[in-house]
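sequence plus the predicted model coming up.
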Amino acid sequence: MLGFCAAQAHSQSVGYYPWNGLLSVSTNPSKVVWCDFRFQTNTLFGSLSTEILPMVNLKRKEQIQYYLGGGVRFNFIGVLANQTNNVIGGYQLNVGTRVHPFKALPDLGLALEIAPYVERKLDTGVLKSNFGIVYRF
């Protein structure tokens, strides 16, 4: 999975999900298959995580796209800081849409996702929602 994402790693969009503290850098989201890399920004080390999420566009038009994907949450810094022994934190599924409603700024958009997340051992989970701002290049 990581090799697939790295093969397409020319950044084509960036985003920020302020309520979740996530910075997003994506390969070209206008392609059928793309990859999103997300970095936790709202903590020093405690749960500083990185998410690698391959996505598939289900439907895409000029101002809106619907996508589905999923991936893995990693916590490399937590391992280095001796806060966890596990590099893999958990797994998630993402169902989302990106809307670009501004005619004056057609590359500026909004992202909305529903993202069920399960911990590494599959014993606990949470239904997350992500809402943020994205900009495509």
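Arrived safely.

alpha carbons only for contacts and neighbour counts from here, please
OK.

pLDDT value on residue 108, please?
In this model, residue 108 is scored at 96, pLDDT.

number of residues surrounding it?
20 (other Cα atoms under 10 Å).

quick one, phi psi at it?
With angles defined as degrees, to the nearest 10, residue 108 sits at phi -90, psi 130.

that one and residue 20, how far apart?
In this view, residue 108 and residue 20 are 19 Å apart by Cα to Cα, to the nearest Å.

show the contacting residues for residue 53.
35-37, 69-72 (Cα atoms under 8 Å, 6 or more residues apart in numbering).

looking at those, which is nearest residue 95?
The shortest gap between residue 95 and any of these belongs to residue 69, at 6.6 Å (Cα to Cα).

show me what that closest one is bridged to.
Counting by DSSP bridges, residue 69 is bridged to residue 55, residue 94.

you'd agree it is up against residue 56?
Yes. With contact defined as Cα atoms under 8 Å, residue 69 reaches residue 56; the gap is 6.0 Å.

element containing the residue nearest to residue 125 when sequence neighbours are not counted, please.
Nearest non-adjacent residue to residue 125, counting by Cα to Cα, 6 or more residues apart in numbering: residue 118, 4.0 Å away. Element membership of residue 118, judged by DSSP states H and E, is strand 108-119.

and that strand, C-alpha only, in PDB?
Taking C-alpha atoms only, strand 108-119 is exported to PDB below (Å, rounded to 0.1, in the frame of the first residue of the first chain):
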ATOM      1  CA  LEU A 108     -10.700  26.300  -2.700                       C
ATOM      2  CA  GLY A 109     -13.100  23.700  -1.300                       C
ATOM      3  CA  LEU A 110     -14.600  22.100   1.700                       C
ATOM      4  CA  ALA A 111     -14.200  18.400   2.700                       C
ATOM      5  CA  LEU A 112     -16.600  16.400   4.800                       C
ATOM      6  CA  GLU A 113     -16.000  12.800   5.800                       C
ATOM      7  CA  ILE A 114     -17.500  10.100   7.900                       C
ATOM      8  CA  ALA A 115     -14.600   7.900   9.100                       C
ATOM      9  CA  PRO A 116     -15.200   4.800  11.300                       C
ATOM     10  CA  TYR A 117     -11.900   4.000  13.200                       C
ATOM     11  CA  VAL A 118     -10.900   0.900  15.100                       C
ATOM     12  CA  GLU A 119      -7.900   0.500  17.300                       C
END
